[in-house]
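A.B. asks: Generate coordinates for the sequence data below:
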Amino acid sequence: MSDTLTRARPTPAAPSRTFLTRRRTYAAGALALVLLALPFYVDRFWLQAGLFAMAAAIGAIGLNLLTGATGQLSMGHAFFLAVGAYGYCVFAGEKGQGVDGLGLPAWLAAVLAVLLAGVAGGLFSPIAGRLQGAYLGIATLALIFIGQHVLFNAEDLTGGANGRDVPLMNLFGLSFDDSELTLAGVPFGSAEKLWYLGLVLTLGCGLFARGVLRGRPGRAMNAIRDHRIAAGVLGVPVARYRGAVFVLSSMYAGLAGVLLALVFQRTVPDYFGITLSLEYLAMIVIGGLGSVTGAVVGAAFVSLLPQLLTRYSDALPLVSAPGTGGIAPGEASRYLYGAAVVAVVLFLPGGLVRIATRRARKHPQEDA
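C.D. replies: Numbers count the residues shown, from 1 in each chain. As a prediction, this is how the structure comes out:
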């Protein structure tokens, strides 16, 4: 009798897929409205910080396709960002002041810079298709040293150690400069204009990557990551997929480099070093390997942290401007997200996005 009552006892209702999808849609819509309205209410600092986060998110999504979804460790992501940034400067820049340029339309220069990053990835893809794990990481690390040598010594193209100015973006007759364009009584300068361009690029890159991961290529990439030999037995062309994903990841990095260059307005070789590659690895680990949302969350965390510490260094203990006796904001941020990487690896292997997933599973009644 008791067994019958136990079997008949109703179980807590699980949240319906339709409701969860609707809730995510509402949340995404609210976030989109906030992001669209921000240029009307916040100052230039927050817009530039957001643009850095968007550029980082694009690059992190590309690296997550390679490392998180396919299991290919890359230490050379900064090289492809440099290819995109400097490629845009060369294609769009004018010849003069000690540097060469082709003077192409800015939009065309940006497209060609992304394609150039893809070509650079394609030249390396035969190696990427045959190496894996630490071996590929060491091989891609060589790209950083090669890139740094070229950036410092090819002065006609890169400007050398001092870098070179970045040509302004011009799209559909709209110049992304500081000439004010007034909308609803709010003056729009370069940061406000670039904000909407960054939103479009980030959204497009995220949706494309999500489509790849949810389709047949994504299943093949995950199979290669989880069990390379079994994937090959099942008919997956392992070397071809690895090479193709490496090219795609390189193009994402190239686009991130173009957007970074437009925000910085000057490219310098020191920025595109091994530290930047390590930061991108930290982004995808902290956010969540193999997840587009995780890449965006991790990119926001790692890119915004040093800027926030710099802005509020006067109010924070132990953090102060460089040379004043405390810990510099950039150094403090590296300590913090280094600790975050260790904490995620030990206690939250799925990254920060796993927190939301666990909450949905733990409290189904609240979601229903």
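A.B. asks: Poorly predicted segments of this structure, please.
C.D. replies: Counting by pLDDT under 70, the chain contains low-confidence ranges at 1-21, 179-180, 182-186, 321-326, 356-368.
A.B. asks: Tell me the helices and strands packed up against the longest helix along it.
C.D. replies: Counting residues, the longest helix in the chain under DSSP state H turns out to be helix 238-264. In terms of contacts (3 or more Cβ pairs under 8 Å, 6 or more residues apart in numbering; DSSP states H and E), helix 238-264 is packed against helix 44-63, helix 77-92, helix 106-130, helix 190-214, helix 216-226, helix 228-233. Heads up, the C-betas are built off the backbone N, CA and C, glycines and all.
A.B. asks: from the middle of its chain, how far away would that helix be?
C.D. replies: For helix 238-264, the separation from the chain centroid amounts to 10 Å (computed by Cα atoms, centre = their mean, to the nearest Å).
A.B. asks: who's in contact with the next helix or strand after that helix?
C.D. replies: For helix 238-264, the succeeding helix or strand toward the C-terminus, using DSSP states H and E, is strand 266-267. Residues from elsewhere that reach strand 266-267, judged by Cβ atoms under 8 Å, 6 or more residues apart in numbering: 82, 85-86, 89, 158-159, 163-166, 261.
A.B. asks: could you list every residue that touches His149?
C.D. replies: When the contact criterion is Cβ under 8 Å, 6+ apart, His149 has no partners at all.
A.B. asks: Confirm it sits in a helix?
C.D. replies: Yes. Looking at His149 with DSSP: H, G, I helix; E, B strand; the rest coil, it is inside a helix.
A.B. asks: how close does it sit to Phe272?
C.D. replies: 12 Å (Cβ to Cβ, to the nearest Å).
A.B. asks: Equivalent analysis for Val263, please.
C.D. replies: Spatial separation of Val263 from Phe272 under the definition Cβ to Cβ is 14 Å.
A.B. asks: Neighbour count for those two, which is higher?
C.D. replies: Phe272 (26 against 21; other Cβ atoms under 10 Å).
A.B. asks: The more buried one against Ala85, yeah?
C.D. replies: Yes. With the criterion set as Cβ atoms under 8 Å, Phe272 and Ala85 qualify as a contacting pair; they are 7.3 Å apart.
A.B. asks: Overlap of the contact sets of those two?
C.D. replies: Both Phe272 and Ala85 are in contact with Gly257, where contact means Cβ under 8 Å, 6+ apart.
A.B. asks: State the number of residues packed around Asn164.
C.D. replies: Careful, residue 164 is Arg; it's not Asn. Summarising burial for Arg164: neighbours were counted as other Cβ under 10 Å, giving 24.
A.B. asks: My guess is it contacts Ala92. True?
C.D. replies: No. Arg164 lies out of contact with Ala92 (Cβ under 8 Å); the separation is 11.1 Å.
A.B. asks: residue contacts, Gly62?
C.D. replies: 77, 205, 209, 248-253, 256.
A.B. asks: distance of the closest residue to it other than its chain neighbours from Ala299?
C.D. replies: If the residues on either side of it in the chain are set aside, Gly62 comes closest to Tyr252, at 2.4 Å by Cβ to Cβ, 6 or more residues apart in numbering. Relative to Ala299, Tyr252 is positioned 12 Å away (criterion: Cβ to Cβ).
A.B. asks: Give the residues shared as contacts by these two.
C.D. replies: Here Tyr252 and Ala299 have Gly59 as joint contacts, going by Cβ under 8 Å, 6+ apart.
A.B. asks: and Arg311, what does it touch?
C.D. replies: By Cβ under 8 Å, 6+ apart, Arg311 lies in contact with Phe45.
A.B. asks: Next, work out how far apart it and Tyr41 are.
C.D. replies: Taking Cβ to Cβ as the measure, Arg311 and Tyr41 are separated by 17 Å.
A.B. asks: Now tell me what touches stretch 286-296 from outside.
C.D. replies: Stretch 286-296 is contacted by residues 57, 60-61, 63-64, 67-69, 202, 206, 209-210, 213, 222, 225, 283-284, 297-299, 301-302, 337, 340-341, 344, 350-354 when judged by Cβ under 8 Å, 6+ apart.
A.B. asks: That concludes my questions; thank you for your assistance.
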